[in-house]
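Participant: Take a look and give me a structure for this.
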Amino acid sequence: MSQIQRLEKFLALFSSDSRVLVVINADPDAIASALAIKRLLWRKAIEVKITYFNEIRRPDNLTMLRVLDLEIIPIKEIDENNFDKFVVVDSQPDHHECFAMFRYDAIIDHHPLTCDSADFNDIRPEYGACSTMMTEYIKAADIKPSEHLATALIMGIKTDTKGFLRHTAMEDVRAFQFLYRYANPSLIAKIENAEFRAKDLDFIAKAIRRKKIIKHRVYSYTGKIESPDQCVITADFFMKIDSANWSIVSGIYDKQLIIIVRNDGLRKSAGKTVKEAFDFIGSAGGHRTMARVEIKIEDLEKEFEITIKSESFDTMVAEWIIENIETHGGIKTA
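Facilitator: This is a model prediction of the structure:
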């Protein structure tokens, strides 16, 4: 199917009195993709709103919303009865329970196919970013993207391909080249440089104090955390150490142990490592250079035969993470 045919099939879902809700798990790629949907339907539907269900805390995401003056609405403020068409981008309905609130007319995504239950499904896992797919829709519609839309789509592509250092298709590069002539480089720099909030520095300082380096692997168990994003930011920060080729940062959030893993991509896959190390007790997976683990506290308590209230709990968790990754994860021999 050509891109023009995809565009025509997508647009045929809507009429001049359609009220459309675009549902996302908000990150730069999802936000930009939703904005592209809104632009495509600008004169096609009477109303298009974007809603999200996750808590937005990452400084770059917050800065992107602020400097591009983007309007997205928390899902708790949405009355689904006000809409008759539903679209999900950069995800599929079975990726999170909140997506199950609606029946979708269109699904557009670049992740591996798990759910194609809509009337219109465009799922292309060979692409590095959903923003690339949406750029192709924009081009097929012969739309000149605004400065803010082009900037958002570039951020979506750069974020999900990690600056073209992660899974990337030639289509991602071509989309970037097309968008760059319309985007604002100063806004891109402003968004990309917003890595930390002031209070994140205190968390990073704590993680530094608790770090343990084994050969070229940096471990830090940080105890209770306000948000998993704190571990993400810190894991990325530790990868800036010149000698570090792995970064493993963990903490307790909402009755779960969260483990964030980053590596340089030159050795064993981070996703494969965490599955080997933790799949027996929790949810574990990811890509070659980044991965995430979520383990219920009640399962850890059974594993250690102590409760989280025990004085030795934190010490045992920190040592257990290292042991599982070093031994069961097979990093030593990678």
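
Participant: which residues of the chain fall in strands?
Facilitator: 19-24, 47-52, 73-74, 85-89, 106-109, 120-123, 212-214, 217-224, 246-253, 256-263, 283-286, 290-296 (DSSP state E).

Participant: Which elements pack onto the fifth one?
Facilitator: Just to be clear, that refers to strand 106-109. If contacts are counted by 3 or more C-beta pairs under 8 Å, 6 or more residues apart in numbering; DSSP states H and E, strand 106-109 sits against strand 85-89, strand 120-123, helix 130-140. Backbone N, C-alpha and C define where each C-beta goes, glycine included.

Participant: of the ones you listed, which approaches Q177 most closely?
Facilitator: helix 130-140 (10.1 Å; C-beta to C-beta).

Participant: by how many degrees do the closest one and strand 19-24 diverge?
Facilitator: When axes from the mean of the first three to the mean of the last three C-alpha atoms, to 10 degrees is applied, the directions of helix 130-140 and strand 19-24 differ by 140 degrees.

Participant: Quick one: work out the angle between helix 130-140 and strand 85-89.
Facilitator: 120 degrees.

Participant: tell me the mean pLDDT over helix 130-140?
Facilitator: Helix 130-140 carries an average pLDDT of 98.

Participant: And stretch 16-33, by the same measure?
Facilitator: pLDDT averaged over stretch 16-33 gives 96.

Participant: ok, I306 touching V317?
Facilitator: No: between I306 and V317 there is no contact under C-beta atoms under 8 Å: 10.3 Å.

Participant: Which one's more surrounded, the two?
Facilitator: Legend: neighbour count by other C-beta atoms under 10 Å for I306 and V317, higher for V317 (23 against 14).

Participant: give the contact list for the closest residue to the more buried one other than its chain neighbours.
Facilitator: In this structure, V317 finds its nearest non-sequential neighbour in Y221, 5.9 Å apart by C-beta to C-beta, 6 or more residues apart in numbering. Residues counted as contacts of Y221 (C-beta atoms under 8 Å, 6 or more residues apart in numbering) are 210, 250-251, 314, 317-318, 321.

Participant: again, 10 Å this time
Facilitator: Y221 sits next to 207, 210-212, 231, 248-252, 257, 259, 314-315, 317-322 when contact means C-beta atoms under 10 Å, 6 or more residues apart in numbering.

Participant: Tell me the buried residues within these.
Facilitator: 207, 211, 231, 248-252, 257, 259, 314, 317-318, 320-322 (16 or more other C-beta atoms under 10 Å).

Participant: R292: which of those is nearest?
Facilitator: Closest approach between the buried ones among the contacts of Y221 and R292, by C-beta to C-beta: I259, at 7.0 Å.

Participant: Tally up the residues packed near the nearest residue to that closest one once chain neighbours are set aside, please.
Facilitator: Among residues not flanking I259 along the chain, V293 sits closest, at 3.9 Å (C-beta to C-beta, 6+ apart). Close neighbours of V293, defined as other C-beta under 10 Å, add up to 26.

Participant: Redo the helices and strands packed on strand 106-109 as a markdown table? Include mean neighbour count.
Facilitator: A markdown table is the format used below for the helices and strands packed on strand 106-109 (neighbours: other C-beta atoms under 10 Å):
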| stretch | mean neighbour count |
| --- | --- |
| strand 85-89 | 25 |
| strand 120-123 | 18 |
| helix 130-140 | 25 |
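
Participant: Nearest to P28, out of those?
Facilitator: helix 130-140 (8.0 Å).

Participant: what about the stretch 201-334 of the chain, any weak spots by pLDDT?
Facilitator: Regions of the stretch 201-334 of the chain meeting the criterion pLDDT under 70 cover residues 329-330, 332-334.

Participant: ok, now with 80
Facilitator: For the stretch 201-334 of the chain, the stretches flagged by pLDDT under 80 are 267, 328-334.

Participant: Mind splitting the chain into its structural domains?
Facilitator: By the record's domain assignment, the chain is partitioned as 3-192, 200-333 (automatic domain parsing).

Participant: how near is V293 to I260?
Facilitator: 8 Å (C-beta to C-beta, to the nearest Å).

Participant: With L70 instead?
Facilitator: Taking C-beta to C-beta, one finds L70 at 26 Å from I260.

Participant: which one of those two has more residues nearby?
Facilitator: I260 (25 against 18).

Participant: For that one, which residues are in contact?
Facilitator: Taking C-beta under 10 Å, 6+ apart, we find I260 in contact with 228-236, 247-251, 270, 274, 286, 290-293.
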